[in-house]
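>>> Give me the fold of what follows.
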Amino acid sequence: MQFETLKPYLYVIFLQFGNAGLVIIAKAALNHGMNHYTFATYRNLIAALVIAPFALIFERKGRPKVTFSIFLKIMLLGFLEPVVDQNLYYAGMKYTTATFAVAMTNIIPAMTFLMAWVCRLEKVNIKKIHSIGKIVGTLVTVGGAMIMTIVVGPTIGLPWTKGSTTAHQQQSTTHVSPGDNIKGSMMVIAGCLSWSCFYIVQAITLKSYPAELSLTTLICAAGALQGGIVTVIAEKGNNSAWKLQLDAGLVTMVYGGVICSGLGYYLSGIVMKAKGPVFVTSFNPLCMVIVAILGSIVLAESLNLGRVVGAVVIVSGLYLVIWGKSKDESQSTPKCDPNELPPVDHQEIPMTITGTRFGKLDNDAVAIAIPPTKINGK
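Numbers count the residues shown, from 1 in each chain. Model (predicted):
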């Protein structure tokens, strides 16, 4: 398989590693008092400042004009994910847990699949086995993520997690009231819905504005502007919320801005143009697998049988989605075999020969006969 073919897969896997890292450090920063409003604003501002020079250099000549329609789409994109999703998602994480927040992001593939189907961004033919494979694969990945969340099972003892199970359980058993749990759950679900809408609008916008770096810069700038307005309203009179300090909050803002917003929007745009929004979101459940593995290695968290079984189910579902998408691409770009060209029937090409006869212009019409062609002795 050539590297160009592997690029979309490498990009989406990189995106999930980036999201997994952000979940780990963002939860720690929120527990230490990071304001999610200023986090979303500064994060997108940093992303815009980092990506803007690359957009000015590499897309200087091929950048389309921003029409009023494109401007409205960019403002909508800047509102859906940078403002609505990021604020609701991290506010909901404060009221629930990081594990629950990550688990709920696995409904994004199903939401995006339905929206893309309605908007005709995804080809679905229930009479075709590969289309059924995409539908089943999407449901299987969501089911695998739910298994990782709900099913516990016996603990799998690993050399680097011995002696850490009790300590981790004591650290993770924080009291969450039922009211806060319901409120946080609704926030996370609403954020995931907004994130799905963002992917659909981004795919539509890329068709009329196919400049990924410039679009990423404009989305982040619009998100920073709108997020700043929301922060001013929500944190009215609280000037301390805008102060930056050298702590985990600043690291989370820089990491989230450069990796998850800047590179994230840019790489997802590239993959969308080639594979569509469903392909990008179908890898979201992989984030849970990465978080479980990183948590086991870095944080010495214990692994249980439910997480392992769920990870296997997620990988199986991803395989079905990838298989279905590959069949879509092979059918949309049929290869032409020169040995299967149909034979050419007997034809005559009319020609007119112009000449001078006895000082007068004379036209003689002739026809050249072309015999039937034979291919491979046929």
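>>> Quick check: buried residues in the longest helix belonging to the chain?
As assigned by DSSP state H, the longest helix anywhere in the chain is helix 178-208. The neighbour-count check on helix 178-208 (16 or more other CB atoms under 10 Å) flags 184-185, 187-189, 191-206 as buried. Glycine gets a C-beta too; all of them are placed from N, C-alpha and C.
>>> cool, and stretch 110-117?
110-113, 115-116.
>>> any weak-confidence spans in this structure?
Residue ranges of the chain with pLDDT under 70: 1, 97-99, 148-149, 152, 156-179, 295-304, 307, 329-378.
>>> Strands along the chain, start to end?
Secondary structure of the chain, counting by DSSP state E: strands at 155-156, 303-304, 347-357, 360-370.
>>> so residue 210 touches residue 273, yeah?
Yes. At 6.9 Å, residue 210 and residue 273 qualify as touching, with contact defined as CB atoms under 8 Å.
>>> Tell me who's in contact with residue 282.
Listed by CB atoms under 8 Å, 6 or more residues apart in numbering, the contact set of residue 282 reads 109, 113, 137-138, 141, 318, 321-322.
>>> where along the stretch 1-150 of the chain do the helices fall?
Applying DSSP state H, counting those that start in this stretch to the stretch 1-150 of the chain gives helices spanning 3-31, 36-58, 68-79, 86-95, 98-104, 108-118, 129-150.
>>> counting contacts, what elements does the last one pack onto?
Right, helix 129-150. Helix 129-150 makes packing contacts with helix 98-104, helix 108-118, helix 286-297, helix 305-332 when contacts are defined by 3 or more CB pairs under 8 Å, 6 or more residues apart in numbering; DSSP states H and E.
>>> Return the distance of that helix from the chain's centre.
Its chain's C-alpha centre and that of helix 129-150 lie 17 Å apart, by CA atoms, centre = their mean, to the nearest Å.
>>> residues in contact with residue 133?
320-321, 323-324, 327.
>>> Ok, residue 106 next?
141-142, 145-146, 284-285, 288.
>>> so which of those residues is the most crowded?
residue 285 (32 neighbours; other CB atoms under 10 Å).
>>> Can you tell me how far that one is from residue 200?
19 Å (CB to CB, to the nearest Å).
>>> Equivalent analysis for residue 231, please.
26 Å.
>>> Kindly indicate which of the contacts of residue 133 lies nearest residue 277.
residue 321 (12.5 Å; CB to CB).
>>> Pick out the most distant pair among the buried residues of stretch 110-117.
Pairwise over the buried residues of stretch 110-117, using CB to CB, the maximum falls at 110 and 116, 10.9 Å.
>>> Provide a list of residues in contact with the residue most central in space within the chain.
Closest to where the C-alpha atoms of the chain average out (CA atoms, centre = their mean) is residue 280, at 3.6 Å. Applying CB under 8 Å, 6+ apart, we find residue 280 in contact with 12, 15, 199, 268, 271-272.
>>> what's the closest of the helices and strands packed on helix 129-150 to residue 130?
Closest to residue 130 of these is helix 305-332 (CB to CB; 3.5 Å).
>>> Which parts of stretch 244-262 count as buried, going by neighbours?
248-250, 252-253, 255-262.
>>> wait, stretch 308-327
308, 310-311, 313-314, 317-318, 320-322, 324-325, 327.
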